[in-house]
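> Show me the folded form of this:
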Amino acid sequence: MTAPTGQRPGVLAPLRHGPFRALAAGRALMYFGNGLATVALGFAVLDVTGSLVDLGLVVGARSLANVILLLFGGVLADRLPRALVLQGGCVLAALSQGLVAATVLLGAANLPILIVLSLLNGAAAAANLPAAAALTPQTVPRALLQQANALVRVGVNIGLLTGMSIGTVIVGGIGPGWAIAVDAALFALAGACFALLRLPAAAPAPDGPAHPLRELAEGWTEFASRPWVWIVVLQFMVVNATWSGTTAVLGPAIADDTFGRVAWGVVLMSYSAGLILGGLLAARWQPRRALLVGVVLVVVDAVPMLGLTGTPSPAFLFGAMFLTGVALEQFTVAWEVSLQENIPPAKLARVYSYDALGSFIALPVGEIAVGPLAEAVGTDTTLKGMAALLLVSTALAAAGRSVRGLTRAPSG
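This is a model prediction of the structure:
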């Protein structure tokens, strides 16, 4: 199960393992659906309410539910079979998105309904995220973690790009409601893939009745005892809030006023294409201090934010978003492998849930506040301020001694 001495495992080596193929297929289908929703949801809400503030409330509601429930999603994924947790999360996502599509297509959608369904969808994501991330080490040998994480990322980003491509066509042709209906069907298919996932025997779950608070405390100890973990999570509190405020709220509104919805869909597609190339690069090469390099490369996220100011150029945004995708994927693969190499497997999902909680906790604030802030001080000023915050947070993270000192484990 390890490569011969001196020979690095091939990029496609993880695909020899059936459990990995099932996991990768299910996650790719989930992100295919997410790509459709990324293009469709913003325009669906704008069509229903016509309000930038209402759009922020809908996307913020999903993030709020995600933040509140993430920690318990990690407890579930460390106690229950992770494939089963993923199946349940996909069922809930399919139901919530199916109801969004039905209300939009039937003309019954309104702000309260969309907020409630976004809360349900956020709950599904809270269950899915820690379980999916913690499953990868159970599907391949340790020597293949870099290639496996990179391949998963390539798969989900191909799914995301395909979803955005098809979503752009559907939204422009027959409307966002139909794109969200396809999203619901894709989550149902992803759940079917996870039902086929067969894993080797793992460490037994804790005996006796569940003690969620005690188990959360154990996860917190693992999380807080490693400064490089919480420093990067603090960085991404800022990164994710500013990036989501840009792409989920301000971006669609700016596109509506300037270069159009179809071009915005293509801009998002170029970002996904960059993620795919970045994943392929990360599968073949990562430096010894991969986490530090990834953290520094996050500064590229500020370029598209600044590109949306003034009179935005779609051509510039295509290139800027593509490079952002390439850069961000170097960080993502390094981060996944760093956690999986250094966190005990039985506590990995809980650490992932604290990671996600810390990274996402500012999302509802950013998404809900960015609309009123842009109306108060102007869209350009808001975008420049968010870019400055991103640059400062990245510089502080890169200055951390534990981030600079973390190195990759030797490959087997």
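> Tell me who's in contact with N240.
Contact analysis of N240 by C-beta atoms under 8 Å, 6 or more residues apart in numbering lists 359-360, 362-363, 366. C-beta here means a position set from N, CA and C on the backbone, and glycine is covered the same way.
> any idea which of the residues you listed has the most stuff around it?
Within the contacts of N240, neighbour counts (other C-beta atoms under 10 Å) peak at G366, which reaches 26 neighbours.
> which non-adjacent residue is nearest that one?
Excluding its sequence neighbours, the residue lying closest to G366 (C-beta to C-beta, 6 or more residues apart in numbering) is A241, at 3.3 Å.
> Distance of the one you found relative to L69?
19 Å (C-beta to C-beta, to the nearest Å).
> neighbour-wise, which of the two wins?
Counted by other C-beta under 10 Å, A241 and L69 do not tie: A241 has more neighbours, with 26 against 20.
> rewinding a little: the residue nearest to G366 contacts V365, correct?
Yes. A241 is in contact with V365 according to C-beta atoms under 8 Å; the separation is 6.4 Å.
> tell me, what's touching the two both at once?
Listed as contacting both A241 and V365 by C-beta under 8 Å, 6+ apart is no residue at all.
> Excluding chain neighbours, what is closest to V267?
L317 (4.8 Å).
> Regarding the one you found, what is its secondary structure?
Going by DSSP: H, G, I helix; E, B strand; the rest coil, the secondary structure assigned to L317 is helix.
> Let me see the contact set for it.
Here L317 is in contact with 267, 270, 304, 307-308 (C-beta under 8 Å, 6+ apart).
> Equivalent analysis for S96, please.
Contacts of S96 (C-beta under 8 Å, 6+ apart): 117-118, 120-121, 124.
> For V182, state which of those residues is nearest.
N121 (15.1 Å; C-beta to C-beta).
> Figure out the helix or strand that that closest one lives in.
helix 111-139 (DSSP states H and E).
> Does whichever helix or strand comes after that helix pack against any helices or strands, and if so which?
Going down the chain from helix 111-139, the next helix or strand is helix 145-173, by DSSP H and E. For helix 145-173, the helices and strands in contact under the criterion 3 or more C-beta pairs under 8 Å, 6 or more residues apart in numbering; DSSP states H and E are helix 18-49, helix 111-139, helix 176-195, helix 261-284, helix 314-342.
> what do you get if the cut-off is 6 Å, keeping everything else the same?
Secondary-structure packing of helix 145-173 (3 or more C-beta pairs under 6 Å, 6 or more residues apart in numbering; DSSP states H and E): helix 18-49, helix 176-195, helix 261-284, helix 314-342.
> any idea which helix or strand comes after the second one?
Right, the one you point to is helix 176-195. Downstream of helix 176-195 (by DSSP H and E), the next one is helix 212-224.
> where along the stretch 301-412 of the chain do the helices fall?
Ranges of helices within the stretch 301-412 of the chain are 302-307, 314-342, 348-360, 363-377, 379-398, 401-405, based on DSSP state H, counting those that start in this stretch.
> and of those helices, who's closest to A131?
Nearest of the helices of the stretch 301-412 of the chain to A131, taken as C-beta to C-beta: helix 348-360 at 6.3 Å.
> quick check: angle from that closest one to helix 212-224?
Angle, helix 348-360 to helix 212-224, by axes from the mean of the first three to the mean of the last three C-alpha atoms, to 10 degrees: 70 degrees.
> So which other helices or strands are in contact with helix 348-360?
By 3+ C-beta pairs under 6 Å, 6+ apart, helix 348-360 packs against helix 52-79, helix 111-139, helix 212-224, helix 227-244.
> what's around the residue nearest to A356 when sequence neighbours are not counted, how many residues?
Leaving aside its sequence neighbours, A356 sits nearest to L70 (C-beta to C-beta, 6+ apart; 5.0 Å). L70 has 26 neighbours, counted by other C-beta under 10 Å.
> quick one: low-confidence ranges for the stretch 1-150 of the chain?
By pLDDT under 70, the weakly predicted segments of the stretch 1-150 of the chain are 1-9.
> which residues does the nearest residue to L76 once chain neighbours are set aside contact?
Using C-beta to C-beta, 6+ apart and skipping residues adjacent in sequence, the residue nearest L76 is V85, 5.3 Å away. By C-beta atoms under 6 Å, 6 or more residues apart in numbering, V85 lies in contact with 76-77, 127, 131.
> just to revisit the earlier point, tell me the spacing between the residue nearest to A356 and E375.
L70 sits 30 Å away from E375, going by C-beta to C-beta.
> Against T168, how distant is L357?
In this view, L357 and T168 are 32 Å apart by C-beta to C-beta.
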